[in-house]
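Trainee: Quick one, fold the following:
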Amino acid sequence: MDVDVDQLAVVHNAAEKRFEVQVGNWTAFAEYMPAGKNIVFTHTEVPTALEGKGIAKKLAKVALDYAKDNELKIQALCPFIASYIREHPEYQPITWGYSSGKQ
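Mentor: Model (predicted):
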(Lines give C-alpha, C1' and ligand atoms only; values in the text may rest on other atoms or scores of the structure.)
Protein backbone atom coordinates (compact mmCIF):
# COMPACT_ATOMS: atom_id res chain seq x y z
CA MET A 1 0.00 0.00 0.00
CA ASP A 2 1.36 3.42 -1.00
CA VAL A 3 1.17 6.02 1.73
CA ASP A 4 2.29 9.66 1.57
CA VAL A 5 3.21 10.22 5.21
CA ASP A 6 3.46 13.99 4.69
CA GLN A 7 -0.24 14.04 3.78
CA LEU A 8 -1.37 12.05 6.82
CA ALA A 9 -3.09 13.93 9.63
CA VAL A 10 -2.25 12.95 13.19
CA VAL A 11 -5.24 13.43 15.47
CA HIS A 12 -4.98 13.85 19.23
CA ASN A 13 -7.76 11.64 20.58
CA ALA A 14 -7.79 12.89 24.18
CA ALA A 15 -10.76 10.68 25.12
CA GLU A 16 -8.75 7.56 24.20
CA LYS A 17 -5.45 9.09 25.43
CA ARG A 18 -3.62 8.57 22.17
CA PHE A 19 -2.40 10.18 18.98
CA GLU A 20 -3.83 8.49 15.88
CA VAL A 21 -3.39 8.23 12.14
CA GLN A 22 -6.17 6.69 10.05
CA VAL A 23 -5.22 5.04 6.75
CA GLY A 24 -8.11 3.28 5.07
CA ASN A 25 -9.51 0.79 7.57
CA TRP A 26 -6.34 0.83 9.68
CA THR A 27 -5.43 2.97 12.67
CA ALA A 28 -1.89 3.53 13.89
CA PHE A 29 -1.50 5.10 17.33
CA ALA A 30 0.77 6.21 20.15
CA GLU A 31 -0.85 5.78 23.56
CA TYR A 32 -0.10 7.80 26.66
CA MET A 33 -1.14 8.33 30.26
CA PRO A 34 -1.34 11.85 31.66
CA ALA A 35 0.29 12.25 35.08
CA GLY A 36 0.02 15.82 36.35
CA LYS A 37 2.64 17.83 34.44
CA ASN A 38 4.04 14.59 32.97
CA ILE A 39 2.98 12.55 29.99
CA VAL A 40 3.88 8.86 29.98
CA PHE A 41 4.06 7.27 26.53
CA THR A 42 3.18 3.60 26.95
CA HIS A 43 2.71 2.01 23.53
CA THR A 44 2.98 2.72 19.81
CA GLU A 45 1.32 0.44 17.30
CA VAL A 46 1.29 0.44 13.49
CA PRO A 47 -0.69 -2.23 11.62
CA THR A 48 1.51 -4.68 9.70
CA ALA A 49 0.23 -3.41 6.34
CA LEU A 50 1.50 0.09 7.20
CA GLU A 51 4.89 -0.77 8.73
CA GLY A 52 8.06 0.75 7.31
CA LYS A 53 6.41 3.85 5.89
CA GLY A 54 7.42 6.36 8.59
CA ILE A 55 4.03 6.50 10.27
CA ALA A 56 5.36 5.69 13.76
CA LYS A 57 7.99 8.43 13.40
CA LYS A 58 5.31 10.93 12.45
CA LEU A 59 3.19 9.87 15.43
CA ALA A 60 6.19 10.24 17.75
CA LYS A 61 7.08 13.70 16.46
CA VAL A 62 3.54 15.04 16.79
CA ALA A 63 3.09 13.49 20.25
CA LEU A 64 6.43 14.79 21.53
CA ASP A 65 5.81 18.24 20.05
CA TYR A 66 2.48 18.26 21.88
CA ALA A 67 4.29 17.51 25.14
CA LYS A 68 6.87 20.21 24.47
CA ASP A 69 4.25 22.82 23.48
CA ASN A 70 2.25 22.06 26.63
CA GLU A 71 5.31 22.11 28.92
CA LEU A 72 4.86 18.47 29.90
CA LYS A 73 7.73 16.32 31.09
CA ILE A 74 8.01 13.13 29.01
CA GLN A 75 8.45 9.62 30.32
CA ALA A 76 8.97 7.10 27.53
CA LEU A 77 7.98 3.59 28.61
CA CYS A 78 7.29 2.76 24.97
CA PRO A 79 10.51 1.45 23.38
CA PHE A 80 9.75 3.18 20.06
CA ILE A 81 9.21 6.60 21.66
CA ALA A 82 12.35 6.11 23.77
CA SER A 83 14.34 5.28 20.63
CA TYR A 84 12.93 8.34 18.82
CA ILE A 85 14.00 10.57 21.73
CA ARG A 86 17.54 9.14 21.63
CA GLU A 87 17.70 10.06 17.91
CA HIS A 88 16.21 13.55 18.44
CA PRO A 89 18.11 15.35 21.21
CA GLU A 90 15.74 18.33 21.17
CA TYR A 91 13.34 16.29 23.33
CA GLN A 92 15.93 15.04 25.83
CA PRO A 93 15.81 18.10 28.14
CA ILE A 94 12.09 17.52 28.77
CA THR A 95 12.39 13.76 29.20
CA TRP A 96 11.95 12.56 32.74
CA GLY A 97 14.79 10.30 33.84
CA TYR A 98 16.85 10.90 30.69
CA SER A 99 20.57 11.15 31.18
CA SER A 100 22.96 11.99 28.41
CA GLY A 101 25.84 10.84 30.56
CA LYS A 102 27.27 14.37 30.59
CA GLN A 103 27.85 16.28 33.82
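Trainee: Go ahead and confirm residue 82 touches residue 74.
Mentor: No. Distance between residue 82 and residue 74: 9.6 Å, which falls outside the contact criterion (Cβ atoms under 8 Å). For every residue, glycine as well, the C-beta is placed using N, CA and C.
Trainee: higher neighbour count, the two?
Mentor: Neighbours per residue, other Cβ atoms under 10 Å: of residue 82 and residue 74, the larger number sits with residue 74, 24 against 16.
Trainee: Pull up the overlap in contacts between residue 82 and residue 74.
Mentor: Common neighbours of residue 82 and residue 74, counting by Cβ atoms under 8 Å, 6 or more residues apart in numbering, are absent.
Trainee: what mean pLDDT does stretch 60-74 have?
Mentor: Stretch 60-74 shows a mean pLDDT of 97.
Trainee: Pull out the buried positions in it.
Mentor: Buried residues in stretch 60-74, counting neighbours by 16 or more other Cβ atoms under 10 Å, are found at 60-64, 67, 72-74.
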